[in-house]
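Visitor: no sequence for this one, just the structure:
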């Protein structure tokens with residue numbers, strides 16, 4: 001929950017206020033309860049992501065909630081009591097119906113805009129793709145044809161491509177053709 005959405009103390013229901021207080025490393029302004037002293041730390045949420053490889057191609061999916069035609073990696077939140085590896089295996093199975101046969105950590109990246117830390121894996125999977133209602137479309141792409149994006153999981157995808165000896169290309173590097181001059 002973002003700092004702006006967290007408005008009341010979960011211990012005493014008093015409205016939270018931005019209060020500066022001494023912490024390790026110096027003074028820090030955070031949402032705090034003026035009545036009982038509760039501090040809302042607003043720590044980043046861990047998110048799991050997977051570069052899902054099926055028969056040598058990468059599965060990119062479009063979320064039903066996204067506008068436009070943006071495709072991305074399979075992502076989801078960890079459940080209480082599961083490891084990151086168990087969580088991403090579950091997410092892949094829930095969202096695509098694929099079975100993971102091999103899982104390798106790609107890296108950990110920050111996604112500050114969403115206050116998240118993304119743990120990304122490369123998952124070799126097999127089976128027939130059957131999307132959950134959360135996803136509306138998918139593509140299987142040859143790694144050499146993938147265009148990365150300069151945020152969150154796009155950086156993880158670029159790192160994975162580099163690990164395979166491929167130079168990542170970012171979609172933001174492509175200029176839109178100029179409008180014709182009349």
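Guide: Ah, there it is. Fair warning: this is a prediction, and the values are worked out from it, not measured in the lab.
Visitor: from now on I want contacts and neighbour counts done on CA atoms only, so please keep to that.
Guide: Will do.
Visitor: who are the neighbours in contact with the residue lying closest to residue 35 once chain neighbours are set aside?
Guide: Once flanking residues are discounted, residue 35 sits nearest to residue 14: 6.8 Å by Cα to Cα, 6 or more residues apart in numbering. By Cα atoms under 8 Å, 6 or more residues apart in numbering, residue 14 lies in contact with 8, 33, 34, 35.
Visitor: need phi/psi at residue 14.
Guide: The phi/psi pair for residue 14 (degrees, to the nearest 10) reads phi -70, psi 150.
Visitor: and the closest residue to residue 166 other than its chain neighbours, helix, strand or coil?
Guide: Nearest residue to residue 166, sequence neighbours excluded (Cα to Cα, 6+ apart): residue 144, at 6.9 Å. Look at residue 144: counting by DSSP: H, G, I helix; E, B strand; the rest coil, its state is helix.
Visitor: number of residues surrounding residue 144?
Guide: 13 (other Cα atoms under 10 Å).
Visitor: measure it to residue 17 for me?
Guide: Going from residue 144 to residue 17 by Cα to Cα, to the nearest Å gives 50 Å.
Visitor: check residue 117 too.
Guide: 26 Å.
Visitor: what about the strands in the protein?
Guide: 17-23, 26-32, 39-40, 45-54, 57-63, 74-77, 99-111, 116-126, 135-141, 147-148, 169-170 (DSSP state E).
Visitor: Throw the ones you listed into TSV and include mean neighbour count and distance to residue 87, thanks.
Guide: TSV is the format used below for those (neighbours: other Cα atoms under 10 Å; distance: least, Cα to Cα, whole Å):
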stretch	mean neighbour count	distance to residue 87
strand 17-23	13	33
strand 26-32	15	31
strand 39-40	18	26
strand 45-54	23	7
strand 57-63	21	18
strand 74-77	19	7
strand 99-111	16	12
strand 116-126	22	11
strand 135-141	16	18
strand 147-148	18	24
strand 169-170	16	28
